[in-house]
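Q: Structure for this input, please:
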Amino acid sequence: MAVLNDEQVMLRDMAREWADNESPVTAFRKMRAAGPVEGFDSEAWGAIGQMGWSGIVVPEEHGGSAFGYLSLGLVMEQLGRNLTASPLASTGPAATAIAMGTDEGVKGEWLPRIAAGEVVATLAIDEGPVHDLGKIATRVEGGKLTGTKRFVAEGDGASVFVVAAEDGLYLVAGDEGVTRTTRKMADMRSHADVAFDGAAAVKLGGPELTAAIVDRATAVVAAEMLGMAEAAFHQTNDYLKTRVQFGQQLSTFQALQHRMAKMFTELELMRSTVEAALEAIDAGRTDLDQAVSLAKAIASDTLKLVSREMVQLHGGIGMTDEHDAGFYLKRSAVLEAMWGNAAHHRERFARLNGY
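A: So this is what the prediction gives:
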């Protein structure tokens, strides 16, 4: 486990308290029922901005706190526990792309607004249903960007897009030359196909920046998955300790104890790899790409296991919409595929190690 400093402990505890008190799973149910176009609760996002979480990875000179990716991951873990619908996981890496870019004007214009939670920024990378940075056909000619991006998280409500083209990353702001088409996904969150037709674009960096930002986005998603897996495990464990069947608590059955023990050990491994990936990013290690792929592969496998066991061990009630188990299962399926599934990252990890 990562060794946290006092500020990180305070940040984690603050995020946990806010998520439990202000954004429980019932808040997600309320948002789902309301069906806002942007796919998240704008009031909750405003609160996140006021608490400074939207600026965790924004440099201090642009209004952020520069706490780093381990700190952002700690917040995402706590929000993931309660399935909080917010654009933080997309806005953070997008802000980093701007901060790592070469255009000082863009930094001055957008980073302070992102840090304050005034705007939502997101990444528009993939052009098909499967994550593959080798298949980017979007082009820029004369400062105009043309191409279509699929399954863009927070694509419905974003004001700023960080877009991958053949020769690197570009920033596209506003709606001129931008067409959004909402996609209905199992997790009931914002996912849109975004078509760019001659949209004004400012270059941020080359293909190496694209790969670096995707690694950061992948690590943040893995942190959210960690929070979800922890919550699903503990809810299931609590249920087994209280549910009585055949005259005794379910937790006393050895077969169920073995299944819970399996999940517990996998969760410990998941935590160590996710936190290691976030620390690798903050330290600027040369093997951070390997750390990220290892974390995402293990996170995908573990959340898949725990979310499915949550449904099965709750029995019939776990299959109903009235119970929260289905929410974790559905969000799990989406996050497993985002930025590459377990098979993708196992193959990438092997390739990075020369196999």
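Q: got the contact list for the nearest residue to Met338 once chain neighbours are set aside?
A: Spatial nearest neighbour of Met338, chain neighbours left out: Val221 (5.5 Å); criterion: CB to CB, 6 or more residues apart in numbering. Using the backbone N, CA and C atoms, a C-beta is placed for each residue, glycine as well. Val221 makes contacts with 89, 296, 299, 335, 338-339, as judged by CB atoms under 8 Å, 6 or more residues apart in numbering.
Q: For the helix or strand hosting Glu109, list the C-alpha coordinates in PDB.
A: For Glu109, the host element (DSSP states H and E) is helix 104-115. The C-alpha trace of helix 104-115 is given here as PDB (Å, rounded to 0.1, in the frame of the first residue of the first chain):
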ATOM      1  CA  GLU A 104       0.900  28.900 -23.000                       C
ATOM      2  CA  GLY A 105      -2.200  30.800 -24.200                       C
ATOM      3  CA  VAL A 106      -4.300  27.600 -23.900                       C
ATOM      4  CA  LYS A 107      -3.000  26.900 -20.500                       C
ATOM      5  CA  GLY A 108      -3.800  30.400 -19.200                       C
ATOM      6  CA  GLU A 109      -7.300  30.300 -20.800                       C
ATOM      7  CA  TRP A 110      -8.500  26.900 -19.700                       C
ATOM      8  CA  LEU A 111      -6.600  25.500 -16.700                       C
ATOM      9  CA  PRO A 112      -7.900  28.100 -14.200                       C
ATOM     10  CA  ARG A 113     -11.400  27.400 -15.300                       C
ATOM     11  CA  ILE A 114     -10.900  23.700 -15.100                       C
ATOM     12  CA  ALA A 115      -9.400  24.000 -11.600                       C
END
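Q: For it, buried residues please.
A: 106-107, 109-115 (16 or more other CB atoms under 10 Å).
Q: Now name the helix or strand holding the residue nearest to Met338.
A: helix 207-242.
Q: next one: that helix to chain centre, how far?
A: Distance of helix 207-242 from its chain centroid, counting by CA atoms, centre = their mean, to the nearest Å, is 7 Å.
Q: On the C-terminal side of that helix, identify the next helix or strand.
A: Next element after helix 207-242 (DSSP H and E): strand 244-245.
Q: List the contacts of the helix or strand following that next one.
A: Of the helices and strands lying after strand 244-245 in sequence (DSSP H and E), the nearest is strand 248-249. Applying CB under 8 Å, 6+ apart, the external contacts of strand 248-249 come out as 240-243.
Q: How are the helices of the stretch 251-355 of the chain distributed by residue range?
A: 254-283, 288-313, 325-337, 342-352 (DSSP state H, counting those that start in this stretch).
Q: deepest of those helices, which one?
A: helix 288-313 (a mean of 23; mean count of other CB atoms under 10 Å).
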